[in-house]
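In: Test case, fold it:
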Amino acid sequence: QFDHVDLREKGMEIPVEAWAGISKDVSPSLKEALLRAREQIESFCLSTRPRDWFEEKGGILRGELFRPVERVGVYVPGGKASYPSSVLMGVIPAKVAGVEEIVVVSPPPVDPLTVCACEVAGASRLFQIGGAQAIAALAFGTESVPRVDLIVGPGNRFVTAAKRLLYGEVGVDMLAGPSELLVIADKSADPRWVALDLLSQAEHDQDAWCVLMSPEEGLLKEVKRVLEGELWDFPRREIASLSLNRYGLLVQTKDLEEAFYLAGQFAPEHLSIQVEDPFVWLKKVKAAGSVFLGKVTSVVFGDYCGGPNHVLPTSGSARFSSALGVHTFLKRIQFLYVGEEALEGVSKVASEIALAEGLNGHARAAMERLYGQKRDL
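Out: Here you go, the predicted model:
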């Protein structure tokens, strides 16, 4: 009704066996780019996958198991544009985590590039549904759409609102807001490169937040001049101009120390460190979704093919949350084994604390193990 698309004839689902035929219209160079991006993202994900572990101490064995959720929904924005990178960033870490079924949903009509990205990334199913209704369908399941355990991926304010309302009924990755970029730069930075990085984030959304902090007044003025020049013939001029006028800031700080202190308070989605010896300053970072080191490392590389994920915490939530990754799709299960050697000590400690809390049943369950073991001996 709202997308003005009739799916009664073709259906909501695009079957896997049709993907190859649909994606044949994607240029070989673009498909190769997707394959190379997959290689980098997959390599990063494999390096971050946690392993089961255990330790034994005084007759007590304890540890953790990491197990994937069974079915995941990946929301991919679309309709007016295609975002194959969102497919890669959502599907690949789920695959590396070991998720059995990965269901992609995207607003209709889903174009060949999105289908190609699903094929490259290794998605299980693809549905032409979008918006809050897609989130609801994944959360509850329908005759056509399977119910999932976890929903990930960015979307508009309605998608975010649906994820907020349905959290608890289904797991969600995060509540994403407008894009954010904070650049910290010194005199070694290239003003044009800084300006283009700011512009690349401003074109995302009129509510995008783009800030440059530097103790160098000359750099700030030059970046402002470049931005004004670039905007004249910029294809997404209206969106970028609104973003920069409303949420763009050029801030002169006392020094780099002050800039990094303020960055820790803001906890930006993207933090670009374009200074001499960026690795020296990396240890100053306290909160950020993702960090980009050195003037050569454009934030755009992280958006597509650097390896780290581009689904990142926004609106200051990097203070307590992290980027989408393999860990998002894993459940951490603790386990415990108490052997004979540790039984007496553990039983007495547990019983003592249980009695103090007024939980006699707990105390009895602990001490019966000890008495029973002594009788057996």
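
In: Surely Gly79 is in contact with Pro107?
Out: Yes - Gly79 is within contact range of Pro107, at 3.7 Å (criterion: CB atoms under 8 Å). (C-beta placed from N, C-alpha, C; glycine too.)

In: Looking only at neighbour counts, state which of these two leads.
Out: Using other CB atoms under 10 Å as the criterion, Gly79 and Pro107 rank with Pro107 on top: 24 against 16.

In: show me the contacts for Ala342.
Out: With contacts defined as CB atoms under 8 Å, 6 or more residues apart in numbering, Ala342 is in contact with 58-60.

In: and it, what are its phi and psi?
Out: phi -100, psi -10 (degrees, to the nearest 10).

In: Could you measure from it over to Leu355?
Out: Look at Ala342 and Leu355: by CB to CB, to the nearest Å, they are 20 Å apart.

In: Can you say which of the contacts of Ala342 are buried?
Out: Buried members of the contacts of Ala342, scored by 16 or more other CB atoms under 10 Å, are Ile60.

In: Mind checking which of the contacts of Ala342 are in strands?
Out: Of the contacts of Ala342, the ones assigned to strands by DSSP state E are Ile60.

In: can you put the contacts of Ala342 in a markdown table and add pLDDT and distance to Glu222?
Out: Formatted as a markdown table, those follow (pLDDT from 0 to 100; distance: CB to CB, whole Å):
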| residue | pLDDT | distance to Glu222 |
| --- | --- | --- |
| Gly58 | 95 | 64 |
| Gly59 | 96 | 67 |
| Ile60 | 98 | 62 |
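
In: so what secondary structure elements neighbour the host helix or strand of Glu64?
Out: Counting by DSSP states H and E, the element that carries Glu64 is strand 60-68. Applying 3 or more CB pairs under 8 Å, 6 or more residues apart in numbering; DSSP states H and E, one finds that strand 60-68 contacts strand 53-57, strand 330-338.

In: Tell me which of those strands lies nearest to Thr114.
Out: strand 330-338 (26.2 Å; CB to CB).

In: Point to the residue nearest the middle of this protein.
Out: In the chain, the C-alpha nearest the mean C-alpha coordinate belongs to Leu324, at 2.4 Å (CA atoms, centre = their mean).

In: Spell out the secondary structure type for the closest residue in space to that one that isn't next to it in sequence.
Out: Sequence neighbours aside, Val311 is the residue nearest to Leu324 in space, at 3.7 Å (criterion: CB to CB, 6 or more residues apart in numbering). Using DSSP: H, G, I helix; E, B strand; the rest coil, the structure places Val311 in coil.
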